[in-house]
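> Next one to model:
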Amino acid sequence: MKKIFCIGECALDIVFRNSQPVGSMPGGRIVNAAAILARQGLPVHLVSELAKGSVGDIIFDFVSQSGVETSSVDRFTEGLSPIIIYNTDQNGIVNITRYEQYPDECFDVVWPRIDENDIIIYGGFYALDPRMRPRMSQLLSHAAERKAILVYLPGFLPQQEPRITRVMPAILENLEYASLVIVRNNDLETIFGASDGNRCYHDHINFYCRSLINIDTAERRINYYSGKDVTSVEITEEICTSMMWNAGAVAGTVDALYCDPDSATHLESPDEDFRRAVLSKAALTANNAAKNLTADWQKLH
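Numbering: from 1, shown residues only. Next up is the predicted model:
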């Protein structure tokens, strides 16, 4: 049976409105996508690390109660799990501040068993950080050798690495492993200096990977680029303002890959039917994820 492995950072998002805290929830597309997929009954394993403490316990309980397998989550004692502050001012502008205290030795996790056609989700700064990169590279290389399907989610906060040239070699290596790349427009801006998904696909992605999905909040669309073809689905503005819609779109994409017995072959040369099926599941799951958030503060951006 196929398995899904989500390799990503575990953080806690705390939302402020006009400098007053209004709510918190586990953050990150990969962790939340893992929880969504596990709640749908799929076999999901989280490969990550969490500090032993209140923040780490909140996130660990969240993924465990969602049904995510956590045997490859390292609970470290020297350091703190990241906290990300989202402060929305009276003009609706969101300012993001990140706090973290990782130990020097990172990503000391137990490697899971990876088999052919298993699905690996990886990305964010977690897949670039020099402290974690050596073991991450080994794990991704092992997954590629085992003929797993690798889904790369580039993107990170600019304050994590203000000089893109420092991490570009790791980004390119991650692209070489990828069977599918899922980006957002601000990822394209941060990494490639342009927000046009079609141009970025042909100039920067197609050489490494045939399949690119761009989650375009500005245009309220999810676009699938492959070769000279593009397929799109529209997303309502209400969904785009939810904190969870990106994670939902990622989860829906992976769900579609999991349910397709020939997804590895289709990703190499995706036809219109395959692209449409993937995007339809991505849009549906994004919609459901957004509707499950009922608090006003969760409609952040």
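> got the contact list for Phe62?
For Phe62, the contacting residues are Pro26, Ala35, by CB atoms under 8 Å, 6 or more residues apart in numbering. Glycine gets a C-beta too; all of them are placed from N, C-alpha and C.
> isn't Leu46 right next to Val63, touching?
Yes. Leu46 lies in contact with Val63 (CB atoms under 8 Å); the separation is 5.6 Å.
> which residues are common contacts for those two?
Counting by CB under 8 Å, 6+ apart, the common neighbours of Leu46 and Val63 are Cys10, Val31, Ala34, Thr70, Val73.
> Strands of the stretch 101-250 of the chain, start to end?
Ranges of strands in the stretch 101-250 of the chain, per DSSP state E, counting those that start in this stretch, are 119-123, 149-153, 180-184, 212-216, 221-226, 229-234.
> Could you count how many residues lie near Ile93?
By other CB atoms under 10 Å, the residues close to Ile93 number 8.
> so how far is Arg220 from it?
20 Å (CB to CB, to the nearest Å).
> Please name the nearest non-neighbouring residue to Ser211.
Leaving aside its sequence neighbours, Ser211 sits nearest to Leu180 (CB to CB, 6 or more residues apart in numbering; 4.5 Å).
> so what's the one you found up against?
Leu180 neighbours (CB under 8 Å, 6+ apart): Ile149, Leu150, Val151, Tyr152, Cys209, Ser211, Leu212, Ile213, Thr253, Leu257, Leu267.
> where does it land on pLDDT?
Among the per-residue scores, Leu180 holds a pLDDT of 98.
> same check, this time on Gly92
Gly92 is assigned a pLDDT of 69 by the prediction.
> re the thing from before, looking at Leu46 and Val63, which one has more neighbours?
Leu46 (30 against 24).
> Could you confirm that one falls within a strand?
Yes. Per DSSP: H, G, I helix; E, B strand; the rest coil, Leu46 lies within a strand segment.
> mind starting the numbering at 551 from now?
Got it, first residue is 551 now, which makes that one Leu596.
> From Thr620, how far off is it?
6 Å.
> Could you pull out the residues contacting both of the two?
Counting by CB under 8 Å, 6+ apart, the residues touching both Leu596 and Thr620 are Val613.
> ok so, going back, pipe the strands of the stretch 651-800 of the chain into a markdown table and attach distance to Ile633 per row.
A markdown table is the format used below for the strands of the stretch 651-800 of the chain (distance: least, CB to CB, whole Å):
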| stretch | distance to Ile633 |
| --- | --- |
| strand 669-673 | 20 |
| strand 699-703 | 21 |
| strand 730-734 | 22 |
| strand 762-766 | 25 |
| strand 771-776 | 29 |
| strand 779-784 | 34 |
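> Thanks again, I'm all set now.
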